[in-house]
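Participant: pasting the sequence and the predicted coordinates here, then a few questions.
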Amino acid sequence: MATSWDFDTDVVVVGGGACGLMAAVHAATHAGGVDVVLLEKNERWGCNAELASGTLQAAGTRLQQAADIDDSPEIMYGDIMRKNHGRSDPAVTMALCRQSAEMVHWFIDHLGLPLVLATEIRRIGHTRMRMHAHPTRSGKPIVRALRERLAALPNVVYADNTPGRGLVTDDQGQVIGVLVGPDGQVQRIRCKRVVLATDGFGASKEMLGRYIPEMRDALYVGAQGNTGEGIRWGMEVGAAVEHIEGYQGLGYVHPTSGTRINPGVVISGGIVVNRLAERFEREDQGYSEWAGVVLGQPGGIGITIWDERIQRLYAHAHTMVESLEAGTIVRADSLEELARHFGLEAAKLAASVEDYNRGVERGCDRLGRELLERPLAPPYYGAMITGGLAHTFGGLKIDVHGRVLRPDGAPVPNLYAGGGTAVGVSGDTPDGYLSASGLLTAYGLGMIIGQHSARTLREAPS
Ligand SMILES: Cc1cc2nc3c(=O)[nH]c(=O)nc-3n(C[C@H](O)[C@H](O)[C@H](O)COP(=O)(O)OP(=O)(O)OC[C@H]3O[C@@H](n4cnc5c(N)ncnc54)[C@H](O)[C@@H]3O)c2cc1C
């Protein structure tokens, strides 16, 4: 039981990434708004939302309507559930699908972001064109706009370099405050609601070793600050946890630089060979499950190969720009030149590409690939890839308002969680990830939590 406090506010949000920023803005502005303190461990380390391509899935938007795309929250729900093998909470999943169009419209109308329907972004499992993104295809402009919006709000304190350290509860188990600050200078903030938005535990070797040992030593491409505190604190106050072994892999990461090849390259007709210059599995799989497929090849390495037509489709994507800048994409006039660069046997590479091209022309691929566009033609492009870890799926169980639940289904009083701190909509296996579900659960739940906390506090302020 706390006896003295250093600061008093309505809502404390822990974590200044996608979910935290969105929850803070909405709590501060919805239904008249309440006072908010947002704690961020270290903005300079970056959050996953900034590292992301910023691809947002949303159904029923006016951008889709303008493009004559017939989509709905129900169709999107079906796609998510098919991909995750029916393993996410139906009510929370549907609430997010219903929120998705409002979320995209809010970014455009209230943050002034020039989001577009990104028609070139094709991803496995989406039966409709519903990817919305910034023209740069980067997540950074969305995060920047949210931070600027927060800075302009008089009822928000944004505290960077200020890690949350734990929750304070009273003797009835209600959350009544947060411990904050560096070692030796820990302070106590009293508040009426706490939002845990510290993402998952991709940066914690200790938690990976315990819950996802096979990815403990994989190349982690997410933010360094995501060490799982929010999940641990929730467990300490009695919250239920689900799908803790689930994770999103990234199957197209360069092994040393960590730069990525856009997954659309393969969906639009690129192929992947191993160090023996052989294709090994149909490439038209989700990039999350593809991480494990590549890691199973000799040296855990693959070489993605594409051509000029495909390069033109994706050249503007921030992942491709960064890869080119890092020198990890190689252009070659012939397969022989490409083989020489990657140390592959030239005759075998030529045979693999020829075999694939014949399959495209026949409409029947030897490995069973269904997405067959056009035969590959010179000049070619290539990049070395491996499988990495992007983020973890498991977390605190929540209801449709983002309130954290105990194993008996009762809410932990005054506690919310969203983004990677809450259990996501991707189940407990890498192949459960439908592309763009990460930001849906982060921005979408941030919006839901911010609005719910402001509304309930306004209705019953004590
Ligand atoms: C390379 C990459 C690409 C991706 N691309 C996409 C995409 O295009 N579309 C999509 O939907 N998803 C994508 N994702 C997933 C998506 O980025 C995440 O699911 C999403 O950002 C999670 O949001 P969040 O708010 O939970 O966490 P984050 O955005 O990671 O923010 C968490 C914040 O909490 C802070 N924090 C942690 N602990 C504390 C503490 N104790 N005190 C204070 N602050 C703390 C961290 O420093 C960080 O700033 C991608 C992920 C990666 C790694």
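Facilitator: That came in fine, so what should we check first?

Participant: report the closest residue of the stretch 201-350 of the chain relative to the ligand.
Facilitator: Using CB to the nearest ligand atom, the closest approach of the stretch 201-350 of the chain to the ligand is made by residue 225 at 2.7 Å. (C-beta placed from N, C-alpha, C; glycine too.)

Participant: that residue in helix, strand or coil?
Facilitator: The three-state assignment at residue 225 reads coil, by DSSP: H, G, I helix; E, B strand; the rest coil.

Participant: contacting residues for it?
Facilitator: By CB atoms under 8 Å, 6 or more residues apart in numbering, the contact set of residue 225 is 41-42, 45, 47, 198-199, 203.

Participant: contact partners for residue 412?
Facilitator: Counting by CB under 8 Å, 6+ apart, residue 412 makes contact with 173, 175, 234, 237-239, 403-406.

Participant: filter those residues down to just the ones in helices.
Facilitator: Within the contacts of residue 412, residues falling in helices by DSSP state H are residue 234.

Participant: what's the first helix or strand after the strand ranked longest in the chain?
Facilitator: The residue-count maximum for a strand in the chain (DSSP state E) belongs to strand 380-392. Remark: after strand 380-392, the chain's next helix or strand is strand 395-396, criterion DSSP states H and E.

Participant: so how far is that following strand from its chain's centroid?
Facilitator: Distance, stretch centre to chain centre, for strand 395-396: 15 Å (CA atoms, centre = their mean, to the nearest Å).

Participant: does that strand reach the ligand?
Facilitator: No: applying CB under 6 Å from any ligand atom, one finds strand 395-396 separated from the ligand by no less than 8.9 Å.

Participant: residues contacting that strand, please?
Facilitator: Counting by CB under 8 Å, 6+ apart, 196, 200, 230-231, 234-235, 239-244, 404-405, 417, 420-424 sit against strand 395-396.

Participant: let's see 7 Å
Facilitator: 200, 231, 234, 239, 241, 404, 417, 420-424 (CB atoms under 7 Å, 6 or more residues apart in numbering).

Participant: most neighbours among these, which one?
Facilitator: For the contacts of strand 395-396, the largest number of neighbours (other CB atoms under 10 Å) sits with residue 421, at 36 neighbours.

Participant: nearest spatial neighbour of that residue, skipping sequence neighbours?
Facilitator: In space, residue 421 comes closest to residue 230 once its chain neighbours are excluded; the distance is 3.8 Å by CB to CB, 6 or more residues apart in numbering.

Participant: ok, back up a step: so which of the contacts of strand 395-396 are in strands?
Facilitator: 241, 404, 417.

Participant: between these, which is nearest residue 130?
Facilitator: Of all the ones in strands among the contacts of strand 395-396, residue 130 sits closest to residue 417, with 25.6 Å by CB to CB.

Participant: which elements pack onto the helix or strand hosting residue 63?
Facilitator: Under the criterion of DSSP H and E, residue 63 resides in helix 62-66. For helix 62-66, the packing partners by 3 or more CB pairs under 7 Å, 6 or more residues apart in numbering; DSSP states H and E come out as strand 116-117.

Participant: Provide the strand pairings for the strand it packs on, with the direction of each partner.
Facilitator: Strand 116-117 has these partner strands in its sheet, going by DSSP bridges: strand 131-133 (antiparallel).

Participant: the partner strand near the ligand at all?
Facilitator: No: Strand 131-133 stays clear of the ligand (CB under 6 Å from any ligand atom), getting no nearer than 7.7 Å.

Participant: in that strand, what counts as buried?
Facilitator: 131-133 (16 or more other CB atoms under 10 Å).

Participant: for stretch 123-131, same thing?
Facilitator: The neighbour-count check on stretch 123-131 (16+ other CB under 10 Å) flags 123-126, 128-131 as buried.

Participant: what does that stretch contact?
Facilitator: Contacts for stretch 123-131 (CB under 7 Å, 6+ apart): 55, 57-59, 64, 69, 71, 75-76, 79, 82-83, 117-119, 121, 263, 284-286, 434-436.

Participant: and with 6 Å instead?
Facilitator: Residues outside stretch 123-131 that contact it (CB atoms under 6 Å, 6 or more residues apart in numbering): 55, 57-59, 69, 71, 79, 83, 118-119, 121, 286, 434-435.

Participant: which one in those is the model shakiest on?
Facilitator: Least confident entry in the contacts of stretch 123-131, by pLDDT: residue 121, with 83.

Participant: hang on, it in a strand?
Facilitator: No: Residue 121: not assigned to a strand; according to three-state DSSP it is coil.

Participant: can you pull the residues of the stretch 351-462 of the chain lying near the ligand?
Facilitator: The stretch 351-462 of the chain comes close to the ligand at residues 390-391, 419-421, 436-440, 442, as judged by CB under 6 Å from any ligand atom.

Participant: need the max-distance pair from those.
Facilitator: 421 and 436 (18.6 Å).

Participant: quick check, nearest of the residues of the stretch 351-462 of the chain next to the ligand to residue 329?
Facilitator: Checking those against residue 329 by CB to CB gives residue 390 as the nearest, at 20.4 Å.

Participant: give me the domain ranges for the protein.
Facilitator: Taking automatic domain parsing as the domain assignment, the ranges for the chain are 7-246+393-459, 250-389.

Participant: endpoint to endpoint, the longest one covers what distance?
Facilitator: Think domain 7-246+393-459. 23 Å (CA to CA, to the nearest Å).

Participant: what's the answer for the shortest one, then?
Facilitator: Using CA to CA, one end of domain 250-389 lies 6 Å from the other.

Participant: tell me who's in contact with the residue of the stretch 251-400 of the chain found nearest the ligand.
Facilitator: At 3.9 Å from the ligand, residue 390 is the closest residue in the stretch 251-400 of the chain, using CB to the nearest ligand atom. Going by CB under 6 Å, 6+ apart, residue 390 touches 221-222, 248, 250.

Participant: mind listing what residue 218 touches?
Facilitator: 388-389 are the contacts of residue 218 under CB under 6 Å, 6+ apart.

Participant: for it, phi and psi?
Facilitator: phi -70, psi 160 (degrees, to the nearest 10).

Participant: what's the answer for the one 3 residues further on, then?
Facilitator: For residue 221, the backbone dihedrals (degrees, to the nearest 10) come out as phi -110, psi 10.

Participant: and for the residue lying closest to it once chain neighbours are set aside, the neighbour number?
Facilitator: Of all residues not flanking residue 221 in the chain, residue 388 sits nearest, at 4.8 Å (CB to CB, 6+ apart). Residue 388: 25 surrounding residues under other CB under 10 Å.
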